[in-house]
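1. heads up, no residue letters with this:
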């Protein structure tokens, strides 16, 4: 696609003459700011033309315009193999087609937010040019909304793809026959469609290919049955202005029945849901040595039984400690005793070899450890001392007295002298327990019957903890205060729904799960000790009874498991008990 500006030489000469004849050029001041978008004065050929055979059309405006981000704003349906060429010529926009158009086809060209005036950037929103290469203009429509299957949030900039072939593999292989894009509220509108049955797919197209071909990033959704476009009621043609560029002219239609000049309407909105498919093929995306003694392996999905086999050396004892990230797709490997320049590894999951890598190992300096990734252009974060430390903040901590207190070291700890740890409550030493369920030996539980509104201090003297690198800790002081029980709130839920297997989930504003419990459809739950803020409540219809939400699969024609959202926010207030009764219909 090409956008070209043309100015006549005579105009340029006249302008130069005017400038040279003026002593001072003063910018006009005063008056209201222009907020009016460009107005279309004429179209050639006219909008909604029949038997269109031209290789271009011209839009004439009342002022000079610019085309902003035309490559992404423009929507042509049915799509063309190549974008038209756009020429700015005075106050005109000339659109030139670079290929032959299909016979007996209605085309719609939506400019989105591309057309703007030059002076104030005022935008002419969603101007649509329609024409037919046949003797009538198709007049059917589709409306609907696209939501995220997990969060139920409206999804913007999702492609709605219509195919006139009912082939399962078609979103992988062919461009759609029609398409539209959702707006900021997740709504889509397709007009001037021909009659027939269409396969409907929605796609988060990350690479602008109009194909489902980037499975790691793209989301997809579908309707189980073929869909027929329908009629939407329009105003009577005789009541419309006789000459407007966006007017609906009297034209033949594709079997549109008419009663008293009004089209029959069977409009209904299509609800669609996009989801990211579970990745079937496991593979290693990236691997590197973050710093001395720590390797990082990033997979496309969570490995279940990761095995690392060394190919260029052998060890007499266990040589690594594995730790998974919160999402599970990243594995940190701590090396307990590896003094070599590189390590060659065979990486397997559940006995299946995924990859073979050779990683350059960083040297130990006991001064700094480099933070960050690797590879070309990777920006290293600020280096920090290579020493054993506690990761959380040591000051101004608050703690819920109903829960255990955790400390997390930056390296796995192989030894600790518990008898040297000191816990004080309001400056008085108390007895407590220390434990860990962390396979990586970094996270430890401080167990104690915490009391409300007390000041606590955990002291770990120098040398009380030794990590896998034989580093000993410096003096560690962690101060925190327990909150009053009255600071928190409680919620009691009564849920009535059709008997089934459900999961009741309480989530925060970022859709992170705070608490969840299995449900059957006639349940009563209490969630206690909640932070005072607003939460979302939802029910997952656990169709396969596996205790978690499952995404969909396009080729298997399996929709994502249904989620039912409670229609209101659940507001938790300090020292309040909230009762929520939810009858799911």
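-> Looks like it came in fine. Remember, it's a predicted structure, so these values are computed and weren't measured experimentally. Numbering: from 1, shown residues only.

2. residues in contact with stretch 159-167?
-> 142, 144, 146, 170-171, 174, 176-182, 188, 190, 193, 196-205, 210, 226-227, 272 (C-beta atoms under 8 Å, 6 or more residues apart in numbering). Glycine gets a C-beta too; all of them are placed from N, C-alpha and C.

3. Looking at the residues you listed, which are in strands?
-> 142, 144, 146, 178-181, 188, 190, 193, 199-203, 272 (DSSP state E).

4. who wins for most neighbours among the residues you listed?
-> Counting neighbours by other C-beta atoms under 10 Å, residue 146 comes out on top of the ones in strands among the contacts of stretch 159-167 with 28 neighbours.

5. unless I'm mixing things up, it is touching residue 153, no?
-> No - under the criterion of C-beta atoms under 8 Å, residue 146 makes no contact with residue 153, lying 10.2 Å away.

6. what touches both of those two?
-> residue 186.

7. list the contacts for residue 292?
-> Contacts of residue 292 by C-beta under 8 Å, 6+ apart are 361, 362, 363, 364, 365, 369, 386, 469.

8. if we go to 6 Å?
-> Contacts for residue 292 (C-beta atoms under 6 Å, 6 or more residues apart in numbering) come out as 362, 364.

9. what do you get for residue 397?
-> Per C-beta under 6 Å, 6+ apart, neighbours of residue 397: residue 480.

10. Can you list the low-confidence ranges for this structure?
-> Counting by pLDDT under 70, the chain shows low-confidence ranges at 1-31, 234-267, 366-383, 393-396.

11. Which parts of it belong to which domain?
-> Residue ranges for each domain of the chain read 3-132, 140-274, 284-385, 397-486, 489-583, as given by automatic domain parsing.

12. Can I get those domains in a markdown table including distance to residue 391?
-> Listed next are these as a markdown table, based on distance: least, C-beta to C-beta, whole Å:
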| stretch | distance to residue 391 |
| --- | --- |
| domain 3-132 | 42 |
| domain 140-274 | 30 |
| domain 284-385 | 11 |
| domain 397-486 | 5 |
| domain 489-583 | 20 |
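
13. So residue 419 lies in a helix, does it not?
-> Yes - assessed by DSSP: H, G, I helix; E, B strand; the rest coil, residue 419 belongs to a helix.

14. count of residues packed around it?
-> Residue 419: 7 surrounding residues under other C-beta under 10 Å.

15. ok, residue 354 touching residue 347?
-> Yes - contact criterion C-beta atoms under 6 Å: residue 354 and residue 347 qualify, at 5.0 Å.

16. Mutual contacts of the two, please.
-> Contacts common to residue 354 and residue 347, judged by C-beta under 6 Å, 6+ apart, are residue 284.

17. How about residue 304, nearest residue that isn't a chain neighbour?
-> residue 350 (5.7 Å; C-beta to C-beta, 6 or more residues apart in numbering).

18. so how many other residues sit close to that neighbour?
-> Residue 350, neighbours per other C-beta under 10 Å, totals 11.

19. and what of residue 458?
-> So residue 458, with other C-beta under 10 Å, has 20 neighbours.

20. How much space separates it from residue 334?
-> 24 Å (C-beta to C-beta, to the nearest Å).

21. Same check on residue 93?
-> 62 Å.

22. re earlier: quick check: the residue nearest to residue 304 vs residue 526, distance?
-> For residue 350 relative to residue 526 (C-beta to C-beta), the value is 40 Å.

23. repeat for residue 170
-> Taken as C-beta to C-beta, the span from residue 170 to residue 526 is 50 Å.

24. Looking at these two now, which is surrounded by more residues?
-> residue 170 (19 against 10).

25. Hmm, residue 416 and residue 434 touching each other?
-> No - applying C-beta under 6 Å, one finds residue 434 not in contact with residue 416, separated by 7.7 Å.

26. More neighbours: which of the two?
-> Remark: of residue 434 and residue 416, residue 416 carries more neighbours, 19 against 13, as counted by other C-beta under 10 Å.

27. show me where the stretch 301-450 of the chain has helices.
-> Taking DSSP state H, counting those that start in this stretch to define them, one finds no helices in the stretch 301-450 of the chain.

28. Quick one: the strands in it, in order.
-> Per DSSP state E, counting those that start in this stretch, the stretch 301-450 of the chain carries strands over the ranges 306-310, 320-324, 330-335, 342-349, 352-360, 368-369, 384-385, 397-399, 405-408, 413-416, 422-425, 428-430, 433-435, 443-447.
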